[in-house]
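Engineer: Turn this into a structure:
(2 chains)
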Amino acid sequence: MKRIDHSVDNNQRDKSKKWGLWIDRKRELSFRFQGRRYKGFEGDSLASALAASGVSVFSRSFKYRRKRGIFSLNAADTNTLVRVDAMPNLFAERVSLREGLSAQAQQLLRFNPLFVLNFLSRFLPAGFYYRSFFRPRGAWMLWERVFRRVAGIGVLSQRKVAHHALPRYDKAYGFFELVVVGGGLAGMTAATKAARLGVRTLLVEREQRLGGDGFEEEFAPSPSQNTLSQKIPAQKIPAGLPAALTVMTGAQASGLFADRFLAVVEEKKRRLHKIRAQACIVATGAFELPAVFRNNDLPGVMLASAARRLKRRYGVVVGRKPVIFTANAFGYRLALDFLALGIKPVVLDPRPVPHIPDALSIRDHHIVCANGVALIEAVGKGRIEGVKAKIAGSEHVFPCDSLCIAVGFAPAAELLVQGGCELGYDATHHCQRLQSLSEGLHAVGAVAGLFDPAKVRHHAEKTAETVARALKSRRTQKTEARNKARNKPQNKLQNKLQNTLPAAALCDDGAQNWHDPVFSHPRGKEFVDLDEDLQISDLHDSVRDGYDSMQLVKRYTTLGMGVSQGRHSNINGLRIVSRLTEEDPARLGLSTVRPPAAPESFGMLAGRSFQPLRLSPMHRRHTQAGAKTMVAGAWLRPAYYPPSQQPSAKEVRSIVEREALAVRNSVGMIDVTTLGGIDVYGEDAAEFVDRLYCWSYKKQLVGRARYLLMTDEAGVVADDGVCCRFAPDHLYLTTTTGGSDAVYRALLFWRSQWNLKVEVSNSTAAFAGVNVAGPFAREMLEGLCEGVDLSREAFPYMGVREGRVAGCRARLLRVGFVGELGYEIHVPFAEGEALWDALMQHGKRWQMIPFGVEAQRLLRLEKGHIIIGQDTDGLTLPHEAEMGWAVSRKKPFFIGKRPIEIQVERGITKRLTGFTLPARHRDDLPKECNLVMHEGAIDGRVTSIAYSPTLRKIVGLAYASRSRKTLDIQLDSGRSLQATIVPLPFYDPEGARQKI
Amino acid sequence: MPLALLKYALGLGERRRHFPAPQPLKKRYDVLVIGAGGHGLACAYHLAKDHAITKVAVLDKGYLGGGNTARNTTIVRANYLTEEGTAFYKESLKLFENLSSELDINTMYSKRGHLTLAHTDAALRTARWRAGVNKHLGVRSEVVGRAELRKLCPQLNLSCEVRFPVLGALYHAPGAIARHDAVAWGYARAAYRRGVDILQNTEVTGVVVEKGRVVGVKTSRGTIAADKVLQAVAGHSSLLANKLGFRLPIRTVPLQACVSQPYQPFLDPIVVSGSLHVYISQSARGEFVMGGATDPCELYNTRSTLEFKEQLMMHILELFPQLAGANLLRQWAGLADMTPDFSPVMGKTPIRNYYIDAGWGTWGFKATPVCGKRMAECIATDTTPALLKPFALSRFENFALVGEKGAASVGH
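Structural biologist: Okay, here's the model as predicted:
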């Protein structure tokens, strides 16, 4: 292949500058392919620059490792997949050339030892891998290694990349009244027309320039389109265009989801646009279809549209001695193009008699033109050298350097089909055709079956008008509806869908699909699917084996499963299967079209990682104190406060023990901001809480707190917390850190179901909280509290008060999760840090230290308090967790009541049991979730375990079914350990310490 | 060159269809199986092979293996949380290992090892629990730390710079992937060779029940009489049961999955993260097969969404930043019949001689062989095999749930 100009040997350009519209001949770029240096121009794609430099082999094929070159130049086959820098599997025609670009082929190009498979194809029929490779047992594991090596196309770097070092991908959101996809003639016409009518329109074009598939040399673009295509605006409006129009080039619409939600990939900016449109006009054109004959994959064989694109956009002529195999006007026009350059092509036409207009178009040029041609094969070594064809019963060979195929088109309707439009097979015209459009979707141009520029323009304008009208009436209706909404229930917007599909009769035969471009050869290698190296015989095998519906053919042969998703192969596959099964192609149907319509990179989809992290207002203080943090739901919490940077496991234990002992012996403070908080207001607040939680709350006194236990509809423990009554109509509920969202959701749900007079508000983020616990807690707080009498009588255990602590308005809860005299202090979120500082400062006298979650877990374990999710699982009943005391038996109803009652009546078989182990096992502690065994069977599991510095022994909780004296715990090593069962709690069984 | 291919190329050996061509409807069968997915076909095969019941037909409204059998992500494992679950899937694993020879088709059963990542200490606890139960039942599972993880999956990003760093994992060495289509076709072919009829494009429109006992089914092509009927229609189980007048405790939600373009070998083990809602493996073709959490709302629709891909890829890149440049090829969805306890429903129903195989949520493919074998036993002998007893429909009335939520791959 050469550039049209003859003046320079390697970069031949058309002097008239008629061709090569996209390239800037003044700006030369140099790049590398396979290590060799080549030159191209600004505006070139990698594929076109290589073609202009005479490179015809881009890759080796998937199965037989045959040489492959440009075929569709439309990302509709995998022949041009290359690796650019470190990015694998890029279509060379979609890679814009830039200075210094370095590309590699993805397989060995020159000599590929696997080419031997080409000669073994007889032994590798469709689904050959299902027939063998599995004996003896396990053999597949070895064969698989070979298969994996051979099958994978692209090479991904194994080298580790830091997550933060990834290129920055991002996302943008767009809202338009109308999105037009495809900036060819049809799309440009529709977009400009709609925008002129005042519709806020976005035009999306995947190429860097508007203009589409390049048949515009046949028509004179109207001035507006001229402006559009010449200015190449990217997201800005050039002068002379309607202000309502936004144009985005180099952006590929890859998915059309429910309610006209579009994914648009802008590769250059590494940006994924998520665009919602009220209406969408799809003008994505058509894919040209190949012919199937022996060696139809030789480099130099390509679709006529690829040849035209090369010439028109990049000024590259595909050959000096071309043969055109065509059954429609497009092929004949290509012949005229060649003639205009002084090249005489041979035209081979399968139609038995000359098609008068086509024949007339080339009549004066005296070129070879034959009708009734059946292709036999393409011949050549490594690239095409000749075409063998049968004409009127006799074989002829036409030497050539390229073969262009023009036998028909298939609508590029992927987006429309994703959007729910139906695509059917039109048996009279041997083509696919849109049968229906879903609401708000429209099709113009070739995708709708129109090829004639005049018809395209007319239909696109009409469609734009219809859409504009519909949108306008919708707007009016919306305003009216809004005005009426006060008094009347809102009317559903009536948006009558007007069918904008052109009638089948209108669809021109410009497409002129030849009904049977399939020429089988006794020696095979007629490729139906170039991606997957499928020959006619593969489909034959499939049908004969019983896989005779298109879905099964696809799965058995992998037809259309390659990177191009069958864009070039589906229709011919359908024709072949239809002939083999004698089934109507319309009934056979095609496999489902699914997103994406173009490759989307993982990075593009991921965008920036957005996973909010919640931090308490005291977090800065924790960090300053050197806290080790741990993940707790959406939060980070201090686990413990180590004095050194990297404490050993043993040091960690002693740190945690020291923190715990501080709480037991003097006073400690923990940040409890992460606990969920929900305010419930209203007349029915107590009734509402009473129905949701197991215990009874209706008679709960103002100024008192009560334990909360929530079960789900199966009676399984779901969450716990404390209910504080600040007023008859105001309850404040706390939840676990991880459960706050689910509980809030449940509250909202039941509030809407029961219709009680109650308002629910999630105040988790409104409050910061600390728990000050230890025998000196009261003494320490007394000097800081205003308006609250902390004395034992005035503020007893399980009391709640409101007042001021260290100047902050506070809710005080006297609760005892850790089993000591303790106060939870909730203050407005923003004052959390001030509160923390004041308390830390004030607490110095009492040697108060902050403690982390680890120490808290140890303290509560000593006290026998459970942690939901750790000491319970997805099936735990309250009674199994020894929480039966928190379940009211008198209440008529709460969520989970009936299943709990039934199961309690039947008898609870497993229970949470306390156990102890001597301190000498400290270094080889059983782990949480080690199993508890009984007579060789699983009996339960350890849920919590720790060494208690206070009790100087190991304490733990475990589920076990039978009442015994010892528990048999199975360690990780497989060894078992006998633990003594003791009653709960381990520490302060009378609860005297929290009540002082 | 393996012998089978040589024989094929030379035209030796059997050359008959793997499945019957469309045929006129027969009047009656001993057993009708509704749903020609992996489960239904496996059951028909075992009815013929183990119990010599060959007057069997498998009906499907579409093509065979075209429902969830065609849509799953082909992971096979037995690292469940309950003893009942582990024992059941352990037998499945055993049958899977021998399936290729049994069915004379390469099911591409590939033991890759299965890693369930833990990002929180709660997840580590569950991993240890599963490992304990598994080991007790002779299933290889163990909790591994970051150092071992680095060896098992060197590609995995273990750095702490991500939002949820990996703390450890449950490693299940026998975890495998298999070619889902081959499993369905293998069963279909083997069943057909034993005389079972497979009726594709024959939609069941109703079931004929007389005096509390099933006597036949109505189809789009006419009525067929039958002594016994099995429903194996994952994704539509409750709809069919409703027609018969009994309710299933199932909510049906879409479950989406996607596949990348083929790449050279990159990842060997199957990697799952419950906290990040991700599972990923690389097929023999080199494609990454990936999935995430089920969709949040009940829906009988297999549409794809953009949000699914965005969420999934965000998390996949945290685990494998090297994949940022890989391309997505295709996404799809299946329907998952979710039960409250994340375990299936198998066995008898309130209607006599009507058996059910349902509630397969996101764990159906891995149970294909064992479910087929045991359901066949259940139908042939009319007694529920011990292995299936814990999964009876009646467990929901008896509060005898088999809680497997902790062993589900991803969140729901």
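Engineer: Can you name every helix or strand that the helix or strand harbouring residue B:189 contacts?
Structural biologist: Per DSSP states H and E: residue B:189 is located in helix B:180-193. For helix B:180-193, the elements it packs on are helix A:550-557, helix B:38-51, strand B:56-59, helix B:68-71, helix B:99-103, strand B:197-199, helix B:368-381, judged by 3 or more Cβ pairs under 8 Å, 6 or more residues apart in numbering or on different chains; DSSP states H and E. In this view, the C-beta of every residue, glycine as well, is placed from N, C-alpha and C.
Engineer: starting at the chain centroid, how far to the fifth one?
Structural biologist: Taking the mean C-alpha point of helix B:99-103 and that of its whole chain, the gap between them comes to 17 Å (Cα atoms, centre = their mean, to the nearest Å).
Engineer: Next, the residue nearest to residue B:364 when sequence neighbours are not counted: secondary structure please.
Structural biologist: Sequence neighbours aside, residue B:234 is the residue nearest to residue B:364 in space, at 5.4 Å (criterion: Cβ to Cβ, 6 or more residues apart in numbering or on different chains). Recorded secondary structure, residue B:234: coil (DSSP: H, G, I helix; E, B strand; the rest coil).
Engineer: Show the contacting residues for residue B:234.
Structural biologist: Residue B:234 makes contact with B:35, B:37, B:39, B:67-68, B:335, B:337, B:358, B:360, B:364, according to Cβ atoms under 8 Å, 6 or more residues apart in numbering or on different chains.
Engineer: quick one: contacts of the lowest-mean-pLDDT helix or strand in chain B?
Structural biologist: Between all helices and strands in chain B, the lowest mean by mean pLDDT, DSSP states H and E belongs to helix B:3-9, at a mean of 79. Outside helix B:3-9, the residues within contact range by Cβ under 8 Å, 6+ apart are A:122-125, A:128, A:131-132, B:13.
Engineer: Filter those down to the ones in helices?
Structural biologist: Among these, the ones falling in helices (DSSP state H) are A:128, A:131.
Engineer: Filter the contacts of helix B:3-9 down to the buried ones and hand me the PyMOL line.
Structural biologist: To isolate the buried members of these in PyMOL, using 16 or more other Cβ atoms under 10 Å in any protein chain shown:
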select buried, chain A and resi 123+124+125+128+131+132
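Engineer: Could you dump the contacts of helix B:3-9 into JSON lines and include pLDDT and distance to residue B:406?
Structural biologist: As requested, these are exported to JSON lines (pLDDT from 0 to 100; distance: Cβ to Cβ, whole Å):
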{"residue": "A:122", "pLDDT": "85", "distance to residue B:406": "52"}
{"residue": "A:123", "pLDDT": "87", "distance to residue B:406": "48"}
{"residue": "A:124", "pLDDT": "88", "distance to residue B:406": "45"}
{"residue": "A:125", "pLDDT": "88", "distance to residue B:406": "46"}
{"residue": "A:128", "pLDDT": "91", "distance to residue B:406": "42"}
{"residue": "A:131", "pLDDT": "89", "distance to residue B:406": "41"}
{"residue": "A:132", "pLDDT": "89", "distance to residue B:406": "40"}
{"residue": "B:13", "pLDDT": "67", "distance to residue B:406": "48"}
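Engineer: Turn the contacts of helix B:3-9 into CSV, including distance to residue A:423.
Structural biologist: Converted to CSV, the contacts of helix B:3-9 look like this (distance: Cβ to Cβ, whole Å):
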residue, distance to residue A:423
A:122, 36
A:123, 37
A:124, 33
A:125, 31
A:128, 32
A:131, 34
A:132, 38
B:13, 40
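Engineer: So which of the contacts of helix B:3-9 is the closest to residue B:139?
Structural biologist: Set against residue B:139, the nearest of these by Cβ to Cβ is residue A:132 (30.3 Å).
Engineer: Just give me the neighbour total for the closest residue to chain A within chain B.
Structural biologist: Relative to chain A, the nearest point of chain B is residue B:286 (3.0 Å; Cβ to the nearest Cβ). Residues lying near residue B:286 (other Cβ atoms under 10 Å in any protein chain shown) number 22.
Engineer: Does it touch residue A:153 like I think?
Structural biologist: Yes. The criterion here is Cβ atoms under 8 Å, and residue B:286 meets it with residue A:153 at 6.9 Å.
Engineer: what do those two both touch?
Structural biologist: Joint contacts of residue B:286 and residue A:153 (Cβ under 8 Å, 6+ apart) are B:262-264.
Engineer: Cross-check those residues against chain A and keep the overlap.
Structural biologist: By Cβ under 8 Å from any Cβ of the partner chain, the members of the shared contacts of residue B:286 and residue A:153 lying near chain A are B:262-264.
Engineer: low-scoring stretches of the chain, by residue?
Structural biologist: Went with chain A since none was named. A:1, A:4-18, A:214-240, A:485-498, A:508-511 (pLDDT under 70).
Engineer: You answered for a different chain; I wanted chain B.
Structural biologist: By pLDDT under 70, the weakly predicted segments of chain B are B:1, B:13-14, B:409-412.
Engineer: so residue A:243, which of the three states?
Structural biologist: Once three-state DSSP is applied, residue A:243 turns out coil.
Engineer: number of nearby residues for it?
Structural biologist: Residue A:243 has 9 nearby residues by other Cβ under 10 Å.
Engineer: With residue A:845 instead?
Structural biologist: Residue A:845 has 12 neighbouring residues, counting by other Cβ under 10 Å.
Engineer: Distance-wise, check it relative to chain B.
Structural biologist: To chain B, residue A:845 is 35 Å away according to Cβ to the nearest Cβ, to the nearest Å.
Engineer: How about residue A:702?
Structural biologist: Counting by Cβ to the nearest Cβ, the gap from residue A:702 to chain B is 37 Å.
Engineer: Next: residue A:348.
Structural biologist: Plainly put, residue A:348 is 34 Å away from chain B if you go by Cβ to the nearest Cβ.
Engineer: May I have the phi/psi pair for the residue nearest to that residue when sequence neighbours are not counted?
Structural biologist: For residue A:348, ignoring the flanking residues on the chain, the nearest one in space by Cβ to Cβ, 6+ apart is residue A:373 at 4.2 Å. Phi and psi for residue A:373, reported as degrees, to the nearest 10, are phi -90, psi 130.
Engineer: so who does residue A:786 touch?
Structural biologist: A:803-805, A:807.
Engineer: Now do it against chain B, distance only.
Structural biologist: 40 Å.
Engineer: now residue A:418
Structural biologist: Residue A:418 is 8 Å from chain B, by Cβ to the nearest Cβ.
Engineer: number of nearby residues for residue A:924?
Structural biologist: Using other Cβ under 10 Å, residue A:924 has 12 other residues around it.
Engineer: so it touches residue A:972, yeah?
Structural biologist: No. Using Cβ under 8 Å, residue A:924 and residue A:972 do not qualify as a contacting pair, with a distance of 9.7 Å.
Engineer: Break chain B down into its structural domains.
Structural biologist: B:25-72+B:181-250+B:341-407, B:114-175+B:251-338 (automatic domain parsing).
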